[in-house]
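> After the sequence you'll find the predicted model.
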Amino acid sequence: MSDMKVQIGSLVLKNPVMTASGTFGYGTEYMDFFDVSLLGAIVTKTVTLEPRYGNPLPRIAETPSGMLNSIGLANVGIKRFLSEKLPALSTLDTKVIVNVAGHDIDSYAEVCRLASEHPRTDAIELNISCPNVRQGGLAFGTDAVFTAQVVAAARAVTDKPLIVKLTPNVTDIGDVAMAAVNAGADALSLINTLLGMGIDIHSRRPLIARGLAGLSGPAVKPVALGKVYQVAQKTDVPIIGLGGIMCWEDAIEFFLAGACAVQIGTLNFVDPQGALKVISGIDTYAKEHNISSISELTGAMIAPE
Ligand code: SIN
């Protein structure tokens with residue numbers, strides 16, 4: 001019997017697999033496909049203070065090795081989120097992590113405060129890494145000083161576990177990670193999407209209306225693994241790994257690189273039950289390898305020469 005429980009600060013998950021923000025709606029959308037309570041946690045799509053329509057269409061496109069998106073943080077706004085979306089998750093027997101974003105430090109702090117006050121919110125994930133908005137997003141996550149300021153502002157308004165989601169679109173992710181940790185982050189999730197592009201050679205238009213977009217899926221997995229490894233060398237703060245996890249074997253790689261839990265993103269679009277298959281594959285692997293607790297795998301890669 002392997003213990004699948006993992007601890008992320010004060011947050012205890014029944015297993016180390018959650019669904020990534022922006023790929024699982026508000027949680028209710030997948031209830032017809034499987035028992036969502038089997039997940040370690042769900043991370044809801046980013047919510048902001050005001051409702052957002054998002055970016056012009058097309059804002060999602062397939063590439064041979066992943067997916068481009070530029071949704072622009074479309075969401076119903078915190079008011080409707082708290083009154084309609086979170087209560088719909090009340091009967092779920094899994095943790096709910098609310099992903100939040102703002103356009104400046106005050107709006108980050110306020111949406112974080114409001115989301116934290118709701119009893120169904122088990123933890124906050126601070127999105128400082130969206131590549132698809134003019135204000136907020138990458139502007140915070142690519143600068144260690146801004147990162148420190150926005151994380152400190154969020155920390156000041158919540159006692160709930162605070163997870164900060166980092167971008168790979170930086171020269172040294174370790175600098176930004178340490179800025180977040182020193183400002184009070186309880187955990188880090190990495191990576192958000194890589195900035196990329198696709199072009200229709202017949203129309204000569206970009207595949208995504210806005211041009212540049214975020215790339216996710218199998219193409220980004222080695223990048224994500226490398227970033228998780230780099231950050232794990234710098235801090236003991238729990239790391240949640242994501243980026244191109246398409247099967248349970250990918251998840252095991254993330255644990256060995258230093259992650260204590262993983263998020264499933266693009267796979268949800270390919271196979272709505274993909275996250276469940278990842279959970280059961282991890283469980284089987286742990287049993288076959290006589291691993292008593294899945295957390296033993298975190299950072300257990302044999303160190304490079
Ligand atoms: C988007 O809404 O454009 C994507 C969200 C993100 O990358 O954080």
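Arrived safely.
> Who are the contact partners of residue 61?
67, 68, 69, 198, 207, 208, 213 (CB atoms under 8 Å, 6 or more residues apart in numbering). C-beta here means a position set from N, CA and C on the backbone, and glycine is covered the same way.
> Can you tell me how far it is from residue 254?
In this view, residue 61 and residue 254 are 26 Å apart by CB to CB, to the nearest Å.
> and what of residue 89?
26 Å.
> out of the two, which sits in the busier spot?
A side-by-side neighbour count of residue 89 and residue 254, using other CB atoms under 10 Å, places residue 254 first with 28 against 18.
> Could you give me the buried positions within the helix or strand harbouring the more buried one?
Taking DSSP states H and E as the criterion, residue 254 maps to helix 248-257. Buried positions in helix 248-257, judged by neighbour count with 16 or more other CB atoms under 10 Å: 248, 250, 251, 252, 253, 254, 255, 256, 257.
> mind checking how far that helix is from the chain centre?
Chain-centre distance of helix 248-257: 16 Å, with CA atoms, centre = their mean, to the nearest Å.
> got any ranges where this protein has weak pLDDT?
For the chain, applying pLDDT under 70 flags no range at all.
> distance of the residue lying farthest from the centre of it from the ligand?
The centre of the chain is farthest from one residue, residue 202, which by CA atoms, centre = their mean lies 34.9 Å away. For residue 202, the distance to the ligand equals 26 Å [CB to the nearest ligand atom, to the nearest Å].
> before we move on, what about residue 128?
Residue 128 is 9 Å from the ligand, by CB to the nearest ligand atom.
> ranges for the helices of the stretch 1-150 of the chain?
With DSSP state H, counting those that start in this stretch as the criterion, the stretch 1-150 of the chain has helices at 77-80, 105-117, 138-141, 144-155.
> so residue 24 makes contact with residue 45?
Yes - under the criterion of CB atoms under 8 Å, residue 24 makes contact with residue 45 at 7.3 Å.
> Would you reformat the contacts of residue 61 as CSV and include distance to the ligand and neighbour count?
Formatted as CSV, the contacts of residue 61 follow (distance: CB to the nearest ligand atom, whole Å; neighbours: other CB atoms under 10 Å):
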residue, distance to the ligand, neighbour count
67, 11, 24
68, 10, 25
69, 6, 24
198, 15, 15
207, 14, 20
208, 10, 25
213, 8, 29
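> buried set for stretch 212-224?
Going by neighbour count (16+ other CB under 10 Å), the buried part of stretch 212-224 is 213, 214, 215, 216, 217, 218, 219, 220, 221, 224.
> ok now that stretch, how far from the chain's centre?
Computed by CA atoms, centre = their mean, the chain-centroid distance of stretch 212-224 equals 13 Å.
> Ok, stretch 67-76 next?
With CA atoms, centre = their mean, you get 14 Å for stretch 67-76.
> relative to helix 248-257, how tilted is the longest helix seen in the chain?
Criterion DSSP state H: the longest helix present in the chain is helix 274-288. Counting by axes from the mean of the first three to the mean of the last three CA atoms, to 10 degrees, helix 274-288 points 60 degrees away from the direction of helix 248-257.
> if you compare the helices of the stretch 1-150 of the chain, which one is most tucked away?
Greatest average neighbour count among these goes to helix 138-141 (a mean of 24), per mean count of other CB atoms under 10 Å.
> what's in contact with that helix?
Contact with helix 138-141 is made by 108, 128-131, 146-147, 150, 165-167, 169-170, 176, 192, as judged by CB under 8 Å, 6+ apart.
> is it anywhere near the ligand?
No - Helix 138-141 stays clear of the ligand (CB under 6 Å from any ligand atom), getting no nearer than 9.1 Å.
> residues from the chain in reach of the ligand?
22, 46, 69-73, 127, 129-132, 192-193, 214.
> Backbone torsions only: list them for the residue of the stretch 201-305 of the chain found nearest the ligand.
Proximity of the stretch 201-305 of the chain to the ligand (CB to the nearest ligand atom) peaks at residue 214, 4.8 Å away. When read as degrees, to the nearest 10, the backbone of residue 214 gives phi -100, psi 130.
> what about the nearest residue to it once chain neighbours are set aside, neighbour count?
In space, and not counting its chain neighbours, residue 214 is closest to residue 193: 2.8 Å by CB to CB, 6 or more residues apart in numbering. As a burial measure, residue 193 scores 28 neighbours (other CB under 10 Å).
> wouldn't residue 193 be in contact with residue 223 here?
No - in this structure residue 193 lies outside contact range of residue 223 using CB under 8 Å: 10.3 Å.
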